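Participant: Need coordinates for the below:
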Amino acid sequence: MSTTSYPVYRPRRGLGRLLASADDFMSWFLYGHETWLVAVLKGVPLFLFVYFLLTYIPNYVYYLITVEIPFLRLSDDFGFLVANGVGTGNFALLIVLAIGVQAARGRRGLGWSAIRIFVMLNYLFVVLLLIPLMAFNLAGGSFWPMRIAFQSVAFGMMVAGLGAAACVYLYFEYRRITRRDAIEAARLGRGPDR
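Facilitator: Below you'll find the predicted structure:
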């Protein structure tokens with residue numbers, strides 16, 4: 001029986017190792033050191049995600065219940081009220097998520113790790129799917145009604161490639177910063193210069 005207050009190290013393999021690495025990466029991503037480029041790569045997708053939740057989704061709901069679904073065809077005023085309700089609900093969910101992310105700062109455990117990994121999956125969804133979809137729409141493409149042009153597909157694919165490049169850059173920046181911190185910790189652990 002150990003008398004230390006620190007848990008015994010157990011090597012991780014397979015899925016446990018992958019989840020632990022993702023959790024460590026997200027701890028750096030959410031709360032660690034950042035350069036101006038890392039801040040931009042975090043802030044722009046966050047802004048576009050909030051923009052999508054608060055404008056696109058209520059707009060989609062509005063057009064679905066007032067124009068697209070034939071058996072509903074509700075009035076414009078009622079559709080406006082429903083869309084505002086959806087937007088308000090999305091705003092409340094954003095606040096709950098932000099509080100959860102801040103509460104998870106520095107904490108370990110399954111629930112706290114799940115919050116950080118959910119944010120990572122959400123970030124990947126935003127930069128690899130959502131922003132390219134918005135770029136596809138911006139370039140004149142549409143899935144409803146179906147209107148797919150070469151320039152809209154090309155622009156969406158280009159933006160998806162930039163999102164993938166941003167994810168790769170973030171990984172290498174994480175490795176660079178954690179390596180530098182590990183070297184500094186090892187230097188301080190040796191004590192005075194010998």
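Participant: Grab the longest helix from this protein for me.
Facilitator: Counting by DSSP state H, the longest helix found in the chain is helix 150-189.
Participant: Distance from that helix to the middle of the chain?
Facilitator: Put simply, helix 150-189 sits 14 Å off its chain's centre (Cα atoms, centre = their mean, to the nearest Å).
Participant: what sits against the spatially most central residue of the chain?
Facilitator: Geometric centre of the chain, nearest residue: residue 123, 1.9 Å, by Cα atoms, centre = their mean. For residue 123, the contacting residues are 29, 45, by Cβ atoms under 8 Å, 6 or more residues apart in numbering. (Glycine included, C-beta is placed from N, CA and C.)
Participant: List the pairing partners of the lowest-mean-pLDDT helix or strand in the chain within its sheet, with orientation.
Facilitator: Using mean pLDDT, DSSP states H and E, strand 142-143 stands out as the lowest-scoring helix or strand of the chain, at a mean of 86. Applying DSSP bridges to the sheet, strand 142-143 is found paired with strand 146-147 (antiparallel).
Participant: what does the strand it pairs with rub up against?
Facilitator: So strand 146-147 is contacted by 140-141 (Cβ under 8 Å, 6+ apart).
Participant: How far does that strand sit from its chain's centre?
Facilitator: That offset, for strand 146-147, works out to 28 Å (Cα atoms, centre = their mean).
Participant: Give me the mean pLDDT for it.
Facilitator: Per-residue pLDDT over strand 146-147 has a mean of 88.
Participant: now stretch 153-171
Facilitator: If you average the pLDDT values across stretch 153-171, you get 97.
Participant: on contacts alone, who are the packing partners of the longest helix of the chain?
Facilitator: If you count contacts as 3 or more Cβ pairs under 8 Å, 6 or more residues apart in numbering; DSSP states H and E, helix 150-189 packs onto helix 15-31, helix 36-51, helix 131-138.
Participant: Kindly recompute the last result at 6 Å.
Facilitator: The criterion is 3 or more Cβ pairs under 6 Å, 6 or more residues apart in numbering; DSSP states H and E, and the helices and strands that helix 150-189 contacts are helix 131-138.
Participant: Show me what counts as buried in the helix it packs on.
Facilitator: By neighbour count on 16 or more other Cβ atoms under 10 Å, the buried set for helix 131-138 is 131-136.
Participant: and residue 4, what pLDDT?
Facilitator: As predicted, residue 4 sits at a pLDDT of 50.
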